[in-house]
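Visitor: Need coordinates for the following:
(2 chains)
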Amino acid sequence: MSEYILEMHDITKEFSGVKAIEGINLKVRAGECVGLCGENGAGKSTLMKVLSAVYPHGTWEGTITWDGKELKAGSIRETEEAGIVIIHQELMMVPHLSVAENIFLGSELTTAGGFMDYPRMNARAAELMAMLKMPDINVAQKVSAYSGGKQQLVEIAKALNKNARLLILDEPTSALTASETRILLDIVKELKAKGMACVYISHKLDEVAEIADTVTVIRDGTHIGTAPMAELDTGKIISMMVGREMKNLFPREAHDIGEVVFEARNITCWDATNPERKVVNNISFELRKGEILGVAGLVGAGRTEMVSTLFGCYPGLYEAEVILEGKKLKIREPIDAVRNGICMVPEDRKRQGIVPLMGVGHNITMSVLPRFITGGLIDAEAEMAQIQHEILRMKVKTAQPLLPIASLSGGNQQKAVVAKMLLPEPKVLILDEPTRGIDVGAKYEIYKLIFELAKQGVAILMVSSELPEVLGISDRVLVVGEGQLRGNFINDGLTQETVLAAAIGKPVTAAA
Amino acid sequence: MTLTSKDIRHFLSEYKIVALLIVIALIWALFGVLTYTPETQTSEFLTSRNFSNLLRQMSITGMLASAMVFVIVSGEIDLSIGSLLGMVGGVAAILDVTYGWPLAGTIAVCLLLGVASSCLVGYLSAYQGIPTFIVTLGGMLVFRGIVLGLTGGTTIAPVSPEIKYIGQGYLPSVVGDIVAVAVFAILVLIAMRTRAGRIKHDLPVPSMAKEVGKLAAFGAIIVAFVLNLNNYHGVPVPVLILLVILGVFTVIGDMTVFGRRIYAVGSNLEATRMSGVNVAKVKLMVFGLMGLMCALAGLATTARLAAGTPSAGTGAELDAIASCFIGGTSMRGGVGTVGGALVGATIMASLDNGMSMLGVDTFWQQIVKGVILVFAVWMDIVSSGTRR
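Guide: Numbers count the residues shown, from 1 in each chain, chains lettered A, B, ... in the order given. This is a model prediction of the structure:
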């Protein structure tokens, strides 16, 4: 028997004649973690769907050897029974069920009469959570009572309960805070030490560097290389992913900062489901023409809530005084904000950004559609000319301008959403996590665009959970923690340590 | 090149309307064979007279389905339309018979009443947040109650000849010919306008031969349609109204800001709102349009029956909704066309008409229609490959 528990050999998968992946090899030993890297659309998800039999045996070419035998699984259930479990990027929990019920979803334990055997399930669930160093979780509590990080661990408990021997983690930390990420990485290391094989997919290369023993990089559906992590560093991985050296991740460009154009005073919001609790507590700040203001903070600090009040889309009760160019604005709905020159690229692209069934082009022109009216009807040709202009300008990669936007990769969808919010020619542009879940190349393009807009005098407010991004882009950084403004720093020699310390609420010490 | 099942599937999901037209052809062929009498060498089903009847029968469902498409595409549902149709129809009969109002006055009041009632329903849903299923279920009871109260539960007859013309009249064949020519001219005009626009903005232009071929095909359909109807008494007035609605609504759906937004709202309400669109207003307007169509359908029903009856339009909402789904409208919103819904209505009407002609019991008719509805949607799911 070979030393590998899993060998994927020469995997090729076609979609109606187009090869999504071609000739990819992936090998994993027991107790080893393989980092799988590649830009969005490179074929990572396709490869994992082949492995987990989302695409059943026979719909792709190549061979998968699992535990010394060829694996010909026809469904996810079969691969899970064999011990291959995938944990998806989005949490797949049923919020109204308890932790234990979620862990046993699909493999419920029953008593002789066919009733749910809660004592046994709860005991086993508690045991699993203790194994994951989370003994204080009440397994009978609804899973929605816990944070995203803890829910992610519940997902892992669910996988362990299925006797997983190979764990596929697809961007597991994209919704986690730094401390939650820490716990997750430690647990993965521990599982590894116990002999668990692991495939770790992430855009966060620092995590990959820490946890992976071997790294496989794919690009445009082809295998670029596999090497032990000891021989690589994040820079090398990036250049393998994009096929070129990425010397400068942040294309900083000089831009003039003018007078104050925008002021937000006393922003306070209350939790939509728990009106007693203040999510944002009396934050005020101002924004200058051509300034890029970064908003840093941990997940759950109240950053998104804060900026959504400025765009009129906060779902709960809120108070905020908004002044644009000396004029007090009343913003109750996004339409009020857009009309007055405040645009926002929202955090949750799928839910708030794209209209999935409509074409890329029609998504782009959505905010300014009335501009194209002649004689009561849309001048489709004038609209199309504008669409093609925007697609070219933003470098949106799409086969046709009217292809449904849902069929594009995340990065290209995001570019389209940004294009949509630029057409109303905003004076203030709010970007909430503008580069979440998109690939390095698309990130670079968006950064370039941010600087270009700043040069044109647009005031930019950017919320980001990635500290290097905040520090690489911003002129000034606001730090929000637990709903309060914890810091307002000019970004001149500002360090991640200083920002993080402010976010956590520790006094800033120079010696950090 | 051989056609694989995948190619066919792809073609049918791309050109859904073609698949539906094939279904109609099959249904007509089937009834044509079943109603064939060897002595006269004709099929009763495939006569101009029956073609005319069939179109008249479907016209009221068609009017409702045209607006229902937009309601469903925007992600909502309206169960109150059958009752609203009855209410407007009842009011029309009362104004006409009891008070002897002139036709214009009756029509104006009826249209206003329909729009106002549906706008109230839309307001309660879009601005007050009550789910449309609930509001319109309530409306279904309220409107039916009102019509029962107004008519005292009795039939109101006889209506004036003017109002009867709306439901029972025919256009003289000359007028029918003129309409046909006008429609064709409009199609040519639109094609030319699009072409000129594309050239102006440096966009690729389809070849002239392709364009002419397309127009010729449309022309042939129009000619066949009008000749067939003129062969009987001429184009029926309600059918003309329905065709106008088809044209206007297709333009609304494809070429106006309002239409684009209906689809956007249904596909992702939140993202549409975040783009700076007043989504509540879009929904309110969709319901306004639905009310207008209920009013027209109500007038047409009263005209067709030559009387106002308290039970008019009972169950009409289900026929309209079924037509939309058969015609490819998605339950989840964001997808559907007026043309598709009318083809769906034609399928339903053909089944009704054909089976009645064969003397099939009504209970069988209901069973068959129910099966066809489920089957059509199943085919849609299989052909678009969205089955899980």
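Visitor: Only C-alpha atoms from now on, for both contacts and neighbour counts.
Guide: Will do.
Visitor: what stretches of the chain score poorly on pLDDT?
Guide: Picking chain A for this. For chain A, the stretches flagged by pLDDT under 70 are A:1-2, A:16-18, A:40-41, A:90, A:174-175, A:244-248, A:506-512.
Visitor: could you do chain B instead?
Guide: For chain B, the stretches flagged by pLDDT under 70 are B:1-14, B:383-388.
Visitor: From the centroid of it, which residue is nearest?
Guide: For chain B, the residue nearest the mean C-alpha position is residue B:62 (2.6 Å; CA atoms, centre = their mean).
Visitor: wait, isn't it in contact with residue B:348?
Guide: No: between residue B:62 and residue B:348 there is no contact under CA atoms under 8 Å: 10.3 Å.
Visitor: Could you pull up the contacting residues of the closest residue to chain B within the stretch 201-350 of chain A?
Guide: For the stretch 201-350 of chain A and chain B, the shortest gap (CA to the nearest CA) falls at residue A:335, measuring 3.8 Å. Counting by CA atoms under 8 Å, 6 or more residues apart in numbering or on different chains, residue A:335 makes contact with B:273, B:274, B:275, B:276, B:277, B:278.
Visitor: out of those residues, which is most surrounded?
Guide: residue B:275 (30 neighbours; other CA atoms under 10 Å in any protein chain shown).
Visitor: Show the backbone phi and psi for that one.
Guide: phi -90, psi 0 (degrees, to the nearest 10).
Visitor: coming back round to it: helix or strand for the residue of the stretch 201-350 of chain A closest to chain B, just tell me which one.
Guide: helix A:334-339 (DSSP states H and E).
Visitor: next helix or strand past that helix?
Guide: Criterion used, DSSP H and E; the element after helix A:334-339 is strand A:342-345.
Visitor: send the alpha carbons of that next one over as CSV?
Guide: Extracted as CSV, the C-alpha positions of strand A:342-345 are listed here (Å, rounded to 0.1, in the frame of the first residue of the first chain):
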residue,chain,number,x,y,z
ILE,A,342,-23.5,58.5,-1.2
CYS,A,343,-23.0,55.0,-2.6
MET,A,344,-22.2,51.7,-0.9
VAL,A,345,-20.7,48.4,-2.0
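Visitor: what sits up against the very next helix or strand once past that strand?
Guide: Moving toward the C-terminus from strand A:342-345, the next helix or strand (DSSP H and E) is helix A:360-364. For helix A:360-364, the external contacting residues (CA under 8 Å, 6+ apart) are A:354-355, A:384, A:387-388, A:390-391, A:401-405, A:413, A:416-417, A:419-421.
Visitor: and chain B, which of the residues you listed contact it?
Guide: Residues of those in contact with chain B (CA under 8 Å from any CA of the partner chain): A:354, A:355, A:420, A:421.
Visitor: Tell me how many other residues crowd the residue lying closest to the third one once chain neighbours are set aside.
Guide: I take that to be residue A:420. Distances taken as CA to CA, 6 or more residues apart in numbering or on different chains place residue A:364 nearest to residue A:420, at 4.2 Å, with adjacent residues excluded. Neighbour count of residue A:364, defined by other CA under 10 Å: 27.
Visitor: again with residue A:495
Guide: Quick note: residue A:495 (other CA under 10 Å) scores 13 neighbours.
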